[in-house]
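Engineer: this is the structure alone, sequence omitted:
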């Protein structure tokens with residue numbers, strides 16, 4: 001059995017407990033010795049929606065939007081290396097720059113153009129890294145509870161997870177980041193449950209599989225001396241290249257991490273953006289308000305059709 005077929009078989013097997021929520025065929029992009037998993041649904045010749053997740057999620061986060069839009073649009077949703085069904089190397093450069101490079105490789109391999117870029121959490125910095133380097137490939141932008149600029153304060157619970165030794169034990173040993181997000185990233189009473197909770201947590205079942213969950217937290221550039229600060233600063237400086245692109249901002253207002261300060265930053269940088277605030281939604285706004293998020297995106301796409 002080829003490596004690709006074996007990866008696909010294992011991905012389908014692991015997704016079986018929540019297949020009703022996540023019925024998508026697996027696809028893999030070879031990145032040297034590593035394989036990056038991605039969802040690719042809908043007509044291949046149709047205009048593409050590119051969904052970029054953050055931490056500690058994976059393409060599962062986008063399942064409802066993929067199902068909603070894939071009848072008419074191509075929906076592509078990668079799992080960053082270390083996340084979802086992608087490979088999880090223990091020795092790897094888990095940096096913003098590397099994640100951007102991987103996303104660029106996927107876009108170039110699939111030759112995606114006229115992209116509607118949909119981003120959440122750390123996917124905002126990664127996605128905007130792509131967009132600021134290749135603005136000619138981007139048609140529209142959708143941001144959800146994310147950032148692509150310096151500044152802001154990291155909450156205490158994030159800083160604890162960055163603490164040497166203790167942070168790795170908490171995140172990788174006790175799954176206290178992904179596991180806690182099941183409750184803390186949503187405003188649903190009791191947190192995510194059943195198949196949805198199982199799906200969100202499935203790729204992060206042991207110490208080795210939680211490598212990127214911890215590395216993502218470590219890679220948040222809170223000071224100029226951080227190795228990813230310069231990359232994030234370059235992304236921030238490049239946002240002006242996108243000022244003329246139609247943008248839709250969808251925001252869960254009860255987010256303890258990406259607070260209203262970040263929302264106001266987006267408003268200031270993109271004053272013409274269409275903004276929708278979900279007052280009772282948390283960080284995972286697409287989980288808390290799936291119907292509204294789909295409707296807002298649908299209306300946004302209709303209001304900004306691609307030029308022939």
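Structural biologist: Noted; the coordinates are in hand. Because the structure is predicted, anything quoted here is derived from the model rather than measured. Numbers count the residues shown, from 1 in each chain.
Engineer: list the buried residues of the worst-scoring helix or strand of the chain on mean pLDDT.
Structural biologist: In the chain, the helix or strand scored least confidently by mean pLDDT, DSSP states H and E is helix 156-161, which has a mean of 88. Under the neighbour-count criterion of 16 or more other C-beta atoms under 10 Å, helix 156-161 has 158, 160-161 buried. Bear in mind the C-beta positions are built from the backbone N, C-alpha and C, glycine included.
Engineer: got any ranges where this protein has weak pLDDT?
Structural biologist: Within the chain, the segments meeting pLDDT under 70 span 1.
Engineer: please, which helix or strand holds residue 120?
Structural biologist: Residue 120 belongs to strand 115-121 when assigned by DSSP states H and E.
Engineer: can you pull the contacts of the closest residue to residue 254 other than its chain neighbours?
Structural biologist: Sequence neighbours aside, residue 282 is the residue nearest to residue 254 in space, at 4.8 Å (criterion: C-beta to C-beta, 6 or more residues apart in numbering). By C-beta atoms under 8 Å, 6 or more residues apart in numbering, the contact list for residue 282 reads 184-187, 252, 254-256, 288.
Engineer: which ones among those lie within strands?
Structural biologist: The subset of those located in strands under the criterion DSSP state E comprises residue 252.
Engineer: in the contacts of residue 282, find the pair that's most separated.
Structural biologist: 256 and 288 (13.4 Å; C-beta to C-beta).
Engineer: more neighbours, the two?
Structural biologist: Using other C-beta atoms under 10 Å, the more surrounded residue of residue 256 and residue 288 is residue 288, with 19 against 12.
Engineer: wait, residue 60 sits on residue 67?
Structural biologist: No: with contact defined as C-beta atoms under 8 Å, residue 60 and residue 67 do not form a contacting pair (11.9 Å).
Engineer: looking at the two, which has the bigger crowd around it?
Structural biologist: With neighbours defined as other C-beta under 10 Å, residue 60 and residue 67 compare such that residue 60 has more, 26 against 16.
Engineer: and the nearest residue to the more buried one once chain neighbours are set aside, what does it touch?
Structural biologist: Distances taken as C-beta to C-beta, 6+ apart place residue 199 nearest to residue 60, at 4.8 Å, with adjacent residues excluded. Neighbour list for residue 199: 15, 17-18, 21-22, 60, 63 [criterion: C-beta under 8 Å, 6+ apart].
Engineer: redo that, cut-off 7 Å
Structural biologist: Neighbouring residues of residue 199 by C-beta atoms under 7 Å, 6 or more residues apart in numbering: 18, 21-22, 60.
Engineer: can you lay out the residues you listed as a markdown table showing secondary structure and distance to residue 172?
Structural biologist: Listed next are these as a markdown table, based on DSSP: H, G, I helix; E, B strand; the rest coil; distance: C-beta to C-beta, whole Å:
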| residue | secondary structure | distance to residue 172 |
| --- | --- | --- |
| 18 | helix | 23 |
| 21 | coil | 26 |
| 22 | coil | 24 |
| 60 | helix | 20 |
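Engineer: ok, now which ones touch residue 45?
Structural biologist: With C-beta under 7 Å, 6+ apart, residue 45 has no contacts at all.
Engineer: can I take it that it is in a helix?
Structural biologist: No: Residue 45: not assigned to a helix; according to DSSP: H, G, I helix; E, B strand; the rest coil it is coil.
Engineer: circling back: can I get the buried residues of helix 156-161 in JSON lines with distance to residue 87?
Structural biologist: Listed next are those as JSON lines, based on distance: C-beta to C-beta, whole Å:
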{"residue": "158", "distance to residue 87": "26"}
{"residue": "160", "distance to residue 87": "28"}
{"residue": "161", "distance to residue 87": "23"}
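Engineer: which one of those residues is nearest to residue 273?
Structural biologist: Of all the buried residues of helix 156-161, residue 273 sits closest to residue 158, with 26.3 Å by C-beta to C-beta.
Engineer: that closest one and residue 99, how far apart?
Structural biologist: When distance is defined by C-beta to C-beta, to the nearest Å, residue 158 is 18 Å away from residue 99.
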